[in-house]
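1. Quick check, what structure comes out for this input:
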Amino acid sequence: MSFIVINRVFVNSGYEAEFERRFQQRASQVDKQPGFKAMRVLRPQGNQAPYLVETEWEDQDAFRAWVGSDDFKQAHANPMPTEAFSEGGGLEQFEIVEGTEA
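-> The predicted structure is shown next:
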């Protein structure tokens, strides 16, 4: 099946547009990676909810190869200031057991 990675990111008020813009500008960097299937950046609809950055990979090895790649380093080379983010969140990894699609 597939391997899913979800990064929960608590973005402080006033930094949302910059956070979204950065993903819109660099999304194509991950598209070229072997084993990459999809990426979604989900905007929270509640005051306390984090953004979710979800990527889907053929397997865990493909994800690990992306994390070790030069493209990953380039995508993360110019981070937003630390005051843009709240505490909490983090990276979660899942293997799909079952799913359906329309």
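2. pLDDT value on residue 27, please?
-> Residue 27 is assigned 62 on the pLDDT scale.
3. With the one 3 residues further on instead?
-> pLDDT, residue 30: 88.
4. next one: the one 10 residues further on
-> Predicted confidence (pLDDT) at residue 40: the value is 95.
5. packing partners for the lengthiest helix in the chain?
-> Assignment by DSSP state H gives helix 16-31 as the longest helix of the chain. Other helices and strands packing on helix 16-31, by 3 or more C-beta pairs under 8 Å, 6 or more residues apart in numbering; DSSP states H and E, are strand 36-42, strand 51-57, helix 70-75. Any C-beta I mention is one placed from the backbone N, CA and C, and that applies to glycine too.
6. just so I know, which of these lies nearest residue 23?
-> Closest of the helices and strands packed on helix 16-31 to residue 23 is strand 36-42, at 4.8 Å (criterion: C-beta to C-beta).
7. The residue most central in space within the chain: what's its closest spatial neighbour, skipping adjacent residues?
-> By C-alpha atoms, centre = their mean, the chain has its centre lying nearest to residue 53, at 3.3 Å. Distances taken as C-beta to C-beta, 6 or more residues apart in numbering place residue 7 nearest to residue 53, at 4.3 Å, with adjacent residues excluded.
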